[in-house]
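>>> Give me a model of this one.
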Amino acid sequence: MNILILSWRGPGHPNEGGAEIVTHEHAKAWVKAGHNVTLFTSSYIGCKKGESIDGVEIIRSGRQVFGVQISAFFWYRFGKHRKFDIIVDEFHGIPFFTPLYVKTKILGFIHEVALEVWKVNEFPKPYNIIPAYLGPIIEPLIFKLYKKIDFLTVSSSTKEDLIGFGIKKNKITVISNGISRSRKKYLGKREKVVIYLGALSHDKGIEDALKTFSEIKRKDEDWKFWVVGKSSPIFVLTLKNFCRKLNIYKETSFFGFVSDQKKFELLSKAFVMINPSIYEGWGLVNVEANSVGTPVVAYKVKGIIDSVKEGYSGILCDKGDYRQLAIVIIKLWQNKNLYEKLSQQSEKWSRKFTWEQSTKESISLIESL
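Numbers count the residues shown, from 1 in each chain. Purely as a prediction, here's the structure:
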């Protein structure tokens, strides 16, 4: 088949995250299964307008917010391209509104609904008020366009949200994400380190992560904090100033974006990973940490309750209670037996999630459509 994926970001984008990694894993598996896959996505400074990665033909045009949706419409309706059998319309708050202009089969692909994320959007003040106010009103209306569309999602949490927006249960397929794994086992001693892995943004809870560490350091000054992930230089500077205010600047290291090898090396050396995200589709980083035996301490929110098995691969706390996160981490350090049990169970839990199984299921889905 000829498959077209419409997504706001793609491989190589400066803000590429877990959702883009997941999409590409499925896309390249579809290519290996014998299908032709085209990804239409946003452009960025210095990008190639067109290239092939792992057999996936990539076309870049328009900005990631609004612009790419408009560019995709004009390209699909008036540009030169092959005839497509399936259009994958990927949601990231705003979809591509394909039911308005596409007559062929559509598959909605969604990692998470926006809901609370609208309130902590990355727009500068005072413009951030607009999506914070309009987002929760418009989002339910958007899904009215997609009531007859089949959906692929990554967790039971998002499936429940879709049902709440009026999508029929039998139109939703849940396929758990796989994870990339370390090719090398790091068997060194765990360091007295808390690690944060992910995008540095308000909705991912980076500020709460820093406040949690300040509570830990106040009770025990020997701890270190590693922050692994990317953001704009301005926001990173803001976070570093926040570290100074919290008196944790010397103990906190910002690594920025790192390679997979470095990521797993840091995860395997850290004692625990913290994830105070306010909302997730699934939480890819949680299971990546588990794959090297690192337990996760996180907020008990949608998505994270799917990727972290409470009391087995990590410990969950009430959303917003960063002091409780700190207490749990300190208690884990003091209770070596509990920690070792969680560490072993974490690695076992991570083995359930493979790209081989996930892509096998997604191939079956698209072929059934």
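>>> my read: Trp355 touches Ala29, true?
Yes: with contact defined as C-beta atoms under 8 Å, Trp355 reaches Ala29; the gap is 7.4 Å. Heads up, the C-betas are built off the backbone N, CA and C, glycines and all.
>>> Name the residue in those two with the higher neighbour count.
Neighbour tally, Trp355 and Ala29, criterion other C-beta atoms under 10 Å: the higher count belongs to Ala29, 21 against 17.
>>> What sits closest to the more buried one if chain neighbours are left out?
Thr359 (3.4 Å; C-beta to C-beta, 6 or more residues apart in numbering).
>>> Run a quick neighbour tally on the one you found.
Thr359, neighbours per other C-beta under 10 Å, totals 20.
>>> Also Ser368?
Counted with other C-beta under 10 Å, Ser368 comes out at 8.
>>> What of Ile70?
As a burial measure, Ile70 scores 13 neighbours (other C-beta under 10 Å).
>>> Also Ser176?
Other residues close to Ser176 by other C-beta under 10 Å number 18.
>>> how much space between the closest residue to Ser231 other than its chain neighbours and Lys230?
Residue nearest to Ser231 in three dimensions, not counting chain neighbours: Leu200, with 3.6 Å by C-beta to C-beta, 6+ apart. For Leu200, the distance to Lys230 equals 7 Å [C-beta to C-beta, to the nearest Å].
>>> Going by neighbour count, list what's buried in the lowest-mean-pLDDT helix or strand in the chain.
Sorting the helices and strands of the chain by mean pLDDT, DSSP states H and E puts helix 129-142 at the bottom, at a mean of 83. Neighbour counts over helix 129-142 (16 or more other C-beta atoms under 10 Å) mark Pro131, Gly135, Glu139, Ile142 as buried.
>>> try stretch 306-314
Asp306, Ser307, Val308, Lys309, Ser313, Gly314.
>>> Return the residues in contact with the fifth one.
Just to be clear, that refers to Ser313. Contacts here follow C-beta atoms under 8 Å, 6 or more residues apart in numbering; on that basis Ser313 touches Asn286, Val287, Asn290, Pro295, Val296, Leu342, Gln345, Ser346, Trp349, Ser350.
>>> Using a markdown table, lay out these together with secondary structure.
Converted to a markdown table, the contacts of Ser313 look like this (DSSP: H, G, I helix; E, B strand; the rest coil):
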| residue | secondary structure |
| --- | --- |
| Asn286 | helix |
| Val287 | helix |
| Asn290 | helix |
| Pro295 | coil |
| Val296 | strand |
| Leu342 | helix |
| Gln345 | helix |
| Ser346 | helix |
| Trp349 | helix |
| Ser350 | helix |
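>>> Report the buried members of these.
Of the contacts of Ser313, these count as buried by 16+ other C-beta under 10 Å: Asn286, Val287, Asn290, Pro295, Val296, Leu342, Gln345, Ser346, Trp349, Ser350.
>>> and which of these is nearest Asn15?
Of all the buried ones among the contacts of Ser313, Asn286 has the smallest distance to Asn15: 20.3 Å, by C-beta to C-beta.
>>> I'd say that closest one and Leu316 touch.
No: counting by C-beta under 8 Å, Asn286 sits too far from Leu316 to count as a contact (10.6 Å).
>>> and for those two, which residues touch both?
Common contact partners of Asn286 and Leu316 (C-beta under 8 Å, 6+ apart): Ala298, Ile304, Val308.
>>> Inside strands: which ones of those residues?
Among those, the members found in strands (DSSP state E) are Ala298.
>>> Let me know the closest of the shared contacts of Asn286 and Leu316 to Ile45.
Proximity of the shared contacts of Asn286 and Leu316 to Ile45 (C-beta to C-beta) peaks at Ile304, which lies at 33.1 Å.
>>> burial of Leu145, as a residue count?
14.
>>> give me the number of residues near His26?
His26 - counted by other C-beta under 10 Å - has 27 other residues nearby.
>>> Now do it against Val56, distance only.
Distance from His26 to Val56, counting by C-beta to C-beta: 10 Å.
>>> Tell me which entries of the buried residues of stretch 306-314 lie within helices.
Asp306, Ser307 (DSSP state H).
>>> Can I get the buried residues of stretch 306-314 in TSV including pLDDT and distance to Leu237?
Shown next, in TSV, are the buried residues of stretch 306-314 (pLDDT from 0 to 100; distance: C-beta to C-beta, whole Å):
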residue	pLDDT	distance to Leu237
Asp306	96	34
Ser307	96	31
Val308	97	31
Lys309	97	37
Ser313	98	34
Gly314	98	31
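>>> As CSV, the buried residues of stretch 306-314 with distance to Ile21 would be great.
Converted to CSV, the buried residues of stretch 306-314 look like this (distance: C-beta to C-beta, whole Å):
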residue, distance to Ile21
Asp306, 17
Ser307, 14
Val308, 19
Lys309, 22
Ser313, 20
Gly314, 21
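>>> quick one: which of the buried residues of stretch 306-314 is nearest to Thr98?
For those, the nearest to Thr98 is Asp306 (26.9 Å; C-beta to C-beta).
>>> pLDDT score assigned to the closest residue in space to that closest one that isn't next to it in sequence?
The shortest distance from Asp306 to any non-neighbouring residue, by C-beta to C-beta, 6+ apart, is to Ser155 (4.0 Å). You'll see Ser155 listed with a pLDDT of 95.
>>> Touching, Ser155 and Val301? I think so.
No: Ser155 is beyond contact range of Val301, at 11.6 Å (criterion: C-beta under 8 Å).
>>> Neighbour count for the two, which is higher?
Set Ser155 next to Val301 and count neighbours by other C-beta under 10 Å: Ser155 wins out with 24 against 21.
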